[in-house]
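# here you go, sequence then predicted model.
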Amino acid sequence: MATNETTFADQFPKSARLTRLSFGVAFTALAIGGLFGLIQALHRTDIYRVLPSPDYYTLLTGHGVLLALVFTTFFIAGLFSWGISNSLDRDLPGDWISWSWWIMMTVGTVMAALAIIGALIPQIPMQADVLFTFYVPLKGHPVFYIGVVLLLVGSWVAGYDWFRTFWSWRKDNRGERIPLQTFMVLITMLMWYLSTMGVAAEVLIFVLPWSLGLVSQIDPLITRTLFWFFGHPVVYFWLLPAYLAWYTVLPKLSGGRLFSDPLARVVFVLFLLLSTPVGYHHQYIDPGISEGFKFVAMTNTMFLLLPSFLTAFTVVASIEHGARQRGGKGYLSWLRSLPWDEPAFTGMALAGLLFAAGGFSGMVNAGMNLNYLVHNTLWVPGHFHLTVGTAAALTFMAVSYWLVPQLTGKKLRLRAFALIQPYVWFLGMTLMSNAMHRGGLIGLPRRTAEPEWNLPGGSFSEGIGSLNEIQLQIAVGGILLFTGIVLFLAVMVATWMGRETPTIDVDSTIPPALSGAENSPRILDNYRLWFAIAVVLVVIAYGVPLWDMVADGVFSPGSNPVTP
Amino acid sequence: MEVHRFEKIWTAAALLLIVGFISTIVYGAVGPGVTMVEDDGGTTDQADVSAALADELDWSQVENFEAPTPKAQHVSGDKYEAYVVTKQFAFQPGTGQPLRVPAGSTVTLYVTSPDVLHGFEMVGTNVNLIIMPGQISEITVEFDEPGTYSMVCSEYCGAAHHVMEGRVEVVPQSQFDSTEG
Amino acid sequence: MVPGTDEGSKTDETAATEDAGAGSWLNRRLLLRLIIVLAVGIPIVVEGLTFIGLVGEHIDDDGAANGPNGADGDGVEIGEDLLPATDQRETLSAAQVVVSEGWTLTLAVDVNNTGADGYSLRLGEVTTGSGAVVAGDHATGAMAAGGTTSLSGTWDLPEGQIAETVRVTATVPGPDGPQTVSREVRLARVPVSG
């Protein structure tokens, strides 16, 4: 029976090519960024150091940029390219416009990466020890900012590539509901266009000219506010693709079907509306912003919990449906009937589980006056390693196990590695993130190269003994996570380099949802309407405060650059 | 659009939880009266702050700010004021000499930076501020019992960020009054 | 996979043994079971023990472990005496680290010989927070009775490290000959400027 099946790569070669190349850059960034993370974990806990402490911040910048900006954006570009072609049943144009986005993004990445690494290499006269948030007045080399801009603009063109593919499908399919995966891609990109306005304005109007010396002083408050205009929705830019996988692929892997297509659409629309007007929750303890705006951001953020709660329901219901198709019975025993030996399933399921914990620690962050206790402490990385570091990253790795064979026509190799990798990630992340949360509660700061246990006013309240245990768990967790990355990359490389196989052992069909799009009002598909409302909400949340900030002078109170 | 009964219950519960979370925050603001840092500290010229620190400018010329001193200044009753500068890589006062406040006082802190962003975090408390050049962070803190608190810089400020630490000493009123300021 | 039931995992395993037959398939199931037990069990055990430890600590001290304490605040500050053990006054007048080409520590001491002729003070090696030892030797030389001088010195610290202690040695003339008083003096947090 071994015939050559038609894979996605055969059906949609242009889309597959762009996806493969995007994944290639993503995985390279994952490797380097992950290695930096390992060095950081061992350095910060004072267990093993290879560099002096000031260089820690170079690695930290690299870790943040390569993982939270490059790995994510490139993987998403690949995943969305696949999602569009898979659900619309048509290839991407694959012309010079398609290629331009990949090239722009890659060139931008290389530029930013060189600027960052330059701090460690004397031959490269550049540095960008500014961390992934690049707050002013710390200044990096202009090449860093140009690189970031190219990465952003490239992502905008990628969105256009997907929209135009949709529009050409639309001409041939008038009156039909937008297929779910495409709907998710379009809504996510609309949110991306709206939110990146902030960081684009920040870099193009303020930071880049300032770093080139064209402007001598810029206002740290405006630039920081514009960054966080973008900085919160970017986390949904990372999360929504994971949701795409959980809604459309995970039910199938569980052996069943998506519980409700309409509710998935509602969730995505809610994210489009609410993701951006909440940026002030990253600036609760900033001066220069009145409490009223912070309060509004707080209430908006709390309501952002709703779409994630809805997702939890739908995803678990879909998984349960799948388990029962496989013969599961009882209130909880059906969990045993799930394919825990299937790495794509396991990765996504464990990612969802850890995300629940991350969501709640996010609620603490969102809790305005509660935020005083956790802001800039180790709690914050504890939180986001669960969200972007697991819900997104582990899901992306899990999806790759299922998708890469379809993109390459090659069976997954080193299956034993793939089998244990999600569990290793789960274990490492539980240890590291839990210790980080606890460390933050006793006041350990984040983004700091030294353990700081000989404090002038007395040590952290738990005493040195507990501090040692926290440091140890962070180090062990970090080592396990890096092991998880190595296992994943080994599987990817072995699969990619392997020969083509007659079968790829992957069932790529996605069954229709139990409750389909036809059960939802058509207005859900009216993305132009939702985008307009989203813009209005942003104007309400940001209009007055931004006006206040520029009213006393666009560039004032201004600061000169300081090289870190 | 049909919504499963369980989903309706779940959504209602989620909304209830969200409203519950918001209420706890409102309680924190209204009950114990925890206020957020706002813009009442005003703005200043960070270059002036920098010059005053280097003794090139008189502190009276610095808008909305006064010279930082290790001993908090008495305003009236149990109310005090303290001016603190966070710079690369020390708290002034705080690092070389600790900031001293009397026990049982209410101190309004005014904090600014002459160079980059810093954090002002008193470990083990909810005094946690972002200090921004050009802005003055104003916060009022109640110090009840005597003791010593550590300060750490909680916002990355450069290569020696991890070295930036300081101390706040809450001393009994009599001891406070007798030390030089 | 074997249809799950409400019974315990042992029954599942037995059913699997009867069902499988192929050796490698069985090994895989065992491996999976082992992995799941480890992946879920280790965090539960570790975090459980940690939690019990934390709760125990809270019960013991009833919150006294939290909050401020002055354990490490005992360094010598500017304006304080480096060697209280001697009658002479050795007042720390400056302590500063400047970061430019390297990390340069500067210490200055106002020395007042309130005792007899022949007193001298020496500042020796500095030890950093990470345990590195930086050599240095700065001395006043023999001072006359009632004499005052300012002694200063610089040390090149390894990049990124904090100056923690300095070895201070005083030679105090006495009726039975010169006495040596030598101490490893802890410094209060020395400000670092960039």
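Looks like it arrived, so ask away. Numbering: from 1, shown residues only, chains lettered A, B, ... in the order given.
# now for the spatially most central residue of chain C: which residues touch it?
In chain C, the C-alpha nearest the mean C-alpha coordinate belongs to residue C:129, at 5.5 Å (CA atoms, centre = their mean). Taking CB atoms under 8 Å, 6 or more residues apart in numbering or on different chains as the contact definition, residue C:129 lies against A:454, C:161, C:162, C:163, C:164. To be clear about C-beta, it is placed using only N, CA and C from the backbone, and glycine gets the same treatment.
# want to try TSV for those, with pLDDT and secondary structure as columns?
Shown next, in TSV, are these (pLDDT from 0 to 100; DSSP: H, G, I helix; E, B strand; the rest coil):
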residue	pLDDT	secondary structure
A:454	61	coil
C:161	79	coil
C:162	80	coil
C:163	85	strand
C:164	84	strand
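# also near chain B: which of the residues you listed, exactly?
Among the contacts of residue C:129, the residues within reach of chain B (CB under 8 Å from any CB of the partner chain) are residue C:162.
# please convert the contacts of residue C:129 to JSON lines, extending it with neighbour count.
Shown next, in JSON lines, are these (neighbours: other CB atoms under 10 Å in any protein chain shown):
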{"residue": "A:454", "neighbour count": "17"}
{"residue": "C:161", "neighbour count": "23"}
{"residue": "C:162", "neighbour count": "23"}
{"residue": "C:163", "neighbour count": "24"}
{"residue": "C:164", "neighbour count": "20"}
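# pick the one among the contacts of residue C:129 closest to residue A:497.
residue C:161 (45.3 Å; CB to CB).
# and the gap between the residue nearest to the centre of chain C and residue A:157?
Look at residue C:129 and residue A:157: by CB to CB, to the nearest Å, they are 50 Å apart.
# same deal with residue C:99?
43 Å.
# the more surrounded of these two?
Applying other CB atoms under 10 Å in any protein chain shown to residue C:99 and residue A:157 shows that residue C:99 carries more neighbours, namely 20 against 17.
# thought that one was touching residue B:160?
Yes. Taking CB atoms under 8 Å as the definition, residue C:99 is a contact partner of residue B:160 at 6.0 Å.
# number of nearby residues for residue B:20?
The local packing of residue B:20 (other CB under 10 Å) involves 10 other residues.
# determine the set of other helices and strands touching the helix or strand where it lies.
Assigned by DSSP states H and E, residue B:20 belongs to helix B:5-30. Judged by 3 or more CB pairs under 8 Å, 6 or more residues apart in numbering or on different chains; DSSP states H and E, helix B:5-30 is in contact with helix A:291-303, helix A:305-325.
# the inter-axis angle of the last one versus helix B:5-30?
Between the direction of helix A:305-325 and that of helix B:5-30, the angle (axes from the mean of the first three to the mean of the last three CA atoms, to 10 degrees) works out to 150 degrees.
# quick check: buried residues in helix A:305-325?
Across helix A:305-325, burial judged by 16 or more other CB atoms under 10 Å in any protein chain shown covers A:305-315, A:317-324.
# near chain B, which of the residues you listed show up?
Under the cut-off given by CB under 8 Å from any CB, chain B has A:305, A:306, A:309, A:310, A:313, A:314, A:317 from the buried residues of helix A:305-325 close to it.
# tell me which residue is most central in the chain.
You didn't say which chain, so I picked chain A. Geometric centre of chain A, nearest residue: residue A:238, 2.8 Å, by CA atoms, centre = their mean.
# hm, I was asking about chain B
With distances taken as CA atoms, centre = their mean, residue B:129 lies nearest the centre of chain B, 4.6 Å away.
# does that one count as helix, strand or coil?
strand (DSSP: H, G, I helix; E, B strand; the rest coil).
# residue contacts, the closest residue to residue B:44 other than its chain neighbours?
Nearest residue to residue B:44 in three dimensions, chain neighbours excluded: residue B:63, at 4.6 Å (CB to CB, 6 or more residues apart in numbering or on different chains). Residues near residue B:63 by CB under 8 Å, 6+ apart: B:42, B:43, B:44, B:45, B:48.
# show me which residues of chain B are close to chain C?
B:87-90, B:92, B:95-98, B:115, B:124, B:145, B:147-149, B:158-160, B:162-167, B:169-170.
# return the subset of the residues you listed lying in strands.
B:87, B:90, B:92, B:147, B:148, B:149, B:165, B:166, B:167, B:169, B:170 (DSSP state E).
# helix, strand or coil for the residue nearest to residue B:44?
At residue B:63, secondary structure determined by three-state DSSP is coil.
# which positions in stretch B:15-29 come out as buried?
For stretch B:15-29, a neighbour-count test (16+ other CB under 10 Å) marks B:18, B:21, B:22, B:25, B:28, B:29 as buried.
# and the angle from the helix holding residue B:20 to helix A:291-303?
Between helix B:5-30 and helix A:291-303, the angle comes out at 160 degrees (the same axes, to 10 degrees).
# what is the mean pLDDT for helix B:5-30?
If you average the pLDDT over helix B:5-30, you get 94.
# for stretch A:68-78, same thing?
When pLDDT is averaged along stretch A:68-78, the result is 98.
# could you dump it to PDB, C-alpha only?
Taking Å, rounded to 0.1, in the frame of the first residue of the first chain, the C-alpha atoms of stretch A:68-78 are listed here in PDB:
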ATOM      1  CA  ALA A  68      10.400  36.800  21.900                       C
ATOM      2  CA  LEU A  69      10.700  38.700  18.600                       C
ATOM      3  CA  VAL A  70      12.500  36.500  16.000                       C
ATOM      4  CA  PHE A  71      11.600  32.900  16.900                       C
ATOM      5  CA  THR A  72       8.000  33.900  17.500                       C
ATOM      6  CA  THR A  73       7.500  36.100  14.400                       C
ATOM      7  CA  PHE A  74       9.100  33.800  12.000                       C
ATOM      8  CA  PHE A  75       7.400  30.700  13.300                       C
ATOM      9  CA  ILE A  76       4.000  32.500  13.100                       C
ATOM     10  CA  ALA A  77       4.800  33.600   9.600                       C
ATOM     11  CA  GLY A  78       5.300  30.000   8.700                       C
END
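# can you list contacts of it?
A:18-23, A:25-27, A:29-30, A:33, A:101-102, A:105, A:109, A:112-113, A:132, A:148, A:151, A:155, A:158, A:237-238, A:241, A:388, A:392-393, A:396.
# CA atoms of stretch C:182-194 as PDB?
Extracted in PDB, the C-alpha atoms of stretch C:182-194 (Å, rounded to 0.1, in the frame of the first residue of the first chain):
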ATOM      1  CA  SER C 182      45.200  44.300  61.800                       C
ATOM      2  CA  ARG C 183      41.600  43.800  60.800                       C
ATOM      3  CA  GLU C 184      39.600  42.800  57.700                       C
ATOM      4  CA  VAL C 185      37.200  45.700  57.700                       C
ATOM      5  CA  ARG C 186      33.900  45.400  56.100                       C
ATOM      6  CA  LEU C 187      32.800  48.400  54.000                       C
ATOM      7  CA  ALA C 188      29.300  49.700  53.700                       C
ATOM      8  CA  ARG C 189      28.000  49.500  50.100                       C
ATOM      9  CA  VAL C 190      30.400  51.500  48.100                       C
ATOM     10  CA  PRO C 191      28.700  53.700  45.500                       C
ATOM     11  CA  VAL C 192      29.500  52.900  41.900                       C
ATOM     12  CA  SER C 193      29.300  55.500  39.200                       C
ATOM     13  CA  GLY C 194      29.300  54.900  35.500                       C
END
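# the residue in chain B that chain A sits nearest to and residue B:64, how far apart?
Residue nearest to chain A within chain B: residue B:134 (3.0 Å; CB to the nearest CB). Distance from residue B:134 to residue B:64, counting by CB to CB: 11 Å.
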